[in-house]
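Trainee: structure for this input, please:
(chains A and B)
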Amino acid sequence: MREAISQSRRLDGRDLDEMRPLEIELGIIGKADGSSRVKLGNSEVVAGVKVETGEPFEGLENKGALILSAEVLPTASPHIEPGPPDEETIELARVVDRGVRESEMVDLDKLALIPGKVVYTIFVDCSIINYDGNLFDASSYAVVSALMSSKLPVFEVQDGEAVVNTGKKMDPPLTTIPVSITAVKIGDSVILDPTAEEEACMDARITITTNSEGKFAALQKGSTGSFTIDQIKRAAEIARIKGEEVRTKIKELTNNGH
Amino acid sequence: MVQTRSLIDEQGLRTDGRTIDELRNVKIQVGMVKNADGSAYIEFGKNRIIAAVYGPREVHPKHMAQPDRCVLRCRYHMSPFSTDTRKNPAPSRREVEISKVMREALEPALMLEDYPRAAIDVFVEVLQADGGSRCAGITAASVALADAGINMRDIVPACAAGKVDGKIVLDINDVEDKEGSADMPLAYMPHLERVTLLQLDGILNQEEFNECLDKALQGCKMIYEIQRKALIQKYFGDEQELKEES
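Mentor: As a prediction, this is how the structure comes out:
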């Protein structure tokens, strides 16, 4: 594989900077406030949004709370065992979270109910059903499309203290569409959207998230290898260009004009 | 259990428009998890469940291995977004119990003696829960086991019956489960004619008990046909199905 990649060939015939086909299905979980099923090649993720009220985070008393989790289900691959999330899964959830949080996709300032006491709490949970590499991007697209298609319950404050669910629904206050692009380095080549086989022989990984304006919002380097400064600059440029392509695709598939 | 409203109307129809002898819509799709050795996706009313099978494979930890037979392991788990209020992703006591009864429901159908020192893992993930998710899970898991090519004596359909508004009804849904007066899930091997799972929550007299059991059994037989068709569809395509029916 390393030899093929050094000659700019990949086992599945893609170009080095070519993503796998992206499929998004929305609203598959009726009990969730928003949901999506994303397939990136053979990697498959279901994300669900659940909205409740709760206490704000410390230091963020006037903002709604956004809590993102990921679980790689044991269905996803023969190598995964059930149990509490391991290091990699925690990194996955945190990287996806960082993209959504740092891009300020959800305007949390609009989601406080009683400042300091009660705020909207938005849970976005990802269940990874099948693993074939690049869970970062697959999960990130699942989270973003689930949020974009979500309808939040409208809570109201009565007499300054009681919070009631009015039974009405509203669009979530979204400001931008963050899109992550993950590249890995194998030998001296940098490839996009790695499969499981490619991840197994990668030297280093980088995930870069851009917002709708093409600005960088979050970044995470992973794995034990290293990048040169030039490789990172190039990866950043690719992340911006490819990110815009994926964003157009997500907008198209979710039919949403944000 | 408190009865708060009428669950069966004057025409004998239930909250979701079914008669007392009617199943919810059941749809099974075989082999949708690519990495698994066998898998099935089931839509059972509003239940959306994935079952994936890995194995027979090496046992870890090694001391669990049995010299004369294969170890069967099951995990029933609900996604956090599967219920009305978000479910904590850590396994609950309920999930642990269901995992156990599910394993015991499937085991009699498997020829575990054919795979000594190995393990078979069955993972059942509930993406959306409606009433009867354990039955739907067992139904899907046994199709996934067949899809994995595990030697089997029989397939295991599962279905519940229960008592709602004083009547014995087939295939209890979510509302009926919460507000009805009895719920009896049953798993049954149709060829060997053996019950592999039976539970009961609620109060039934002897007559009702027998009626409930018979009704759940009828449900299992209907579900068996759906399991069979789903497997034929995957391995022989539409053509075979048409031939068989003509």
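Trainee: and the strands in chain A, which stretches?
Mentor: Counting by DSSP state E, chain A has strands at residues A:22-26, A:34-40, A:43-54, A:65-72, A:112-114, A:118-130, A:152-158, A:162-170, A:179-186, A:189-192, A:204-210, A:216-222.
Trainee: burial of the residue nearest to A:Glu81 when sequence neighbours are not counted, as a residue count?
Mentor: Distances taken as CB to CB, 6 or more residues apart in numbering or on different chains put A:Pro74 closest to A:Glu81, at 6.3 Å, once the chain neighbours are dropped. Just so you know, the C-beta spots here come from the backbone N, C-alpha and C atoms, and that holds for glycine as well. Neighbours of A:Pro74 under the rule other CB atoms under 10 Å in any protein chain shown: 22.
Trainee: show me what contacts A:Pro74?
Mentor: Contacts for A:Pro74 (CB atoms under 8 Å, 6 or more residues apart in numbering or on different chains) come out as A:Ile80, A:Glu81, A:Pro82, B:Ala52, B:Tyr54, B:Arg75, B:Asp121, B:Phe123.
Trainee: got the phi/psi numbers for the fourth one?
Mentor: Spelled out, it's B:Ala52. phi -130, psi 140 (degrees, to the nearest 10).
Trainee: the fifth one now?
Mentor: Geometry field for B:Tyr54 lists phi and psi as phi -120, psi 130, criterion degrees, to the nearest 10.
Trainee: name the helix or strand for the nearest residue in space to it that is not next to it in sequence, please.
Mentor: Distances taken as CB to CB, 6+ apart put B:Asp121 closest to B:Tyr54, at 4.6 Å, once the chain neighbours are dropped. Here B:Asp121 sits within strand B:118-128, counting by DSSP states H and E.
Trainee: off-centre distance for that strand?
Mentor: Centroid displacement of strand B:118-128 relative to its chain, using CA atoms, centre = their mean, to the nearest Å, is 12 Å.
Trainee: now the strands of chain A as CSV including mean pLDDT, distance to B:Cys212 and mean neighbour count?
Mentor: Output for the strands of chain A, formatted as CSV (pLDDT from 0 to 100; distance: least, CB to CB, whole Å; neighbours: other CB atoms under 10 Å in any protein chain shown):
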stretch, mean pLDDT, distance to B:Cys212, mean neighbour count
strand A:22-26, 95, 38, 17
strand A:34-40, 97, 35, 26
strand A:43-54, 96, 34, 25
strand A:65-72, 94, 37, 21
strand A:112-114, 93, 47, 17
strand A:118-130, 96, 34, 25
strand A:152-158, 93, 38, 14
strand A:162-170, 90, 36, 11
strand A:179-186, 95, 52, 26
strand A:189-192, 94, 57, 20
strand A:204-210, 93, 54, 24
strand A:216-222, 89, 55, 18
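Trainee: make CSV out of these and add distance to B:Pro108.
Mentor: What follows is those, written out as CSV (distance: least, CB to CB, whole Å):
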stretch, distance to B:Pro108
strand A:22-26, 37
strand A:34-40, 34
strand A:43-54, 32
strand A:65-72, 31
strand A:112-114, 53
strand A:118-130, 28
strand A:152-158, 45
strand A:162-170, 46
strand A:179-186, 46
strand A:189-192, 49
strand A:204-210, 46
strand A:216-222, 46
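Trainee: so which of these is nearest B:Gly12?
Mentor: With CB to CB as the criterion, B:Gly12 lies closest to strand A:162-170 of the strands of chain A, at 30.5 Å.
Trainee: which residues touch that closest one?
Mentor: The contact list for strand A:162-170, computed with CB under 8 Å, 6+ apart, reads A:Thr53, A:Leu113, A:Ile114, A:Val118, A:Lys151, A:Leu152, A:Pro153, A:Val154, A:Phe155, A:Glu156, A:Val157, A:Gln158.
Trainee: can you do 6 Å?
Mentor: A:Thr53, A:Leu113, A:Val118, A:Lys151, A:Leu152, A:Pro153, A:Val154, A:Phe155, A:Glu156, A:Val157, A:Gln158 (CB atoms under 6 Å, 6 or more residues apart in numbering or on different chains).
Trainee: so B:Gly137 makes contact with B:Val124?
Mentor: Yes. Judged on CB atoms under 6 Å, B:Gly137 makes contact with B:Val124 at a distance of 4.2 Å.
Trainee: so what sits against both of those two?
Mentor: B:Tyr76.
Trainee: for chain B, which residues are neighbours of chain A?
Mentor: For chain B, the contact set with chain A under CB under 6 Å from any CB of the partner chain comprises B:33-35, B:50, B:52, B:54, B:75, B:79-81, B:84, B:86, B:89, B:123, B:125, B:127-128.
Trainee: which among those residues count as buried?
Mentor: Buried by 16 or more other CB atoms under 10 Å in any protein chain shown: B:33-35, B:50, B:52, B:54, B:75, B:79-81, B:86, B:89, B:123, B:125, B:127-128, out of those.
Trainee: tell me which two in the contacts of A:Pro74 are the farthest apart.
Mentor: Among the contacts of A:Pro74, A:Glu81 and B:Ala52 lie farthest apart (CB to CB), at 13.3 Å.
Trainee: remind me, longest helix of the chain?
Mentor: Going with chain A. If you go by DSSP state H, chain A has its longest helix at helix A:229-254.
Trainee: um, chain B though
Mentor: Assigned via DSSP H, chain B shows its longest helix as helix B:206-245.
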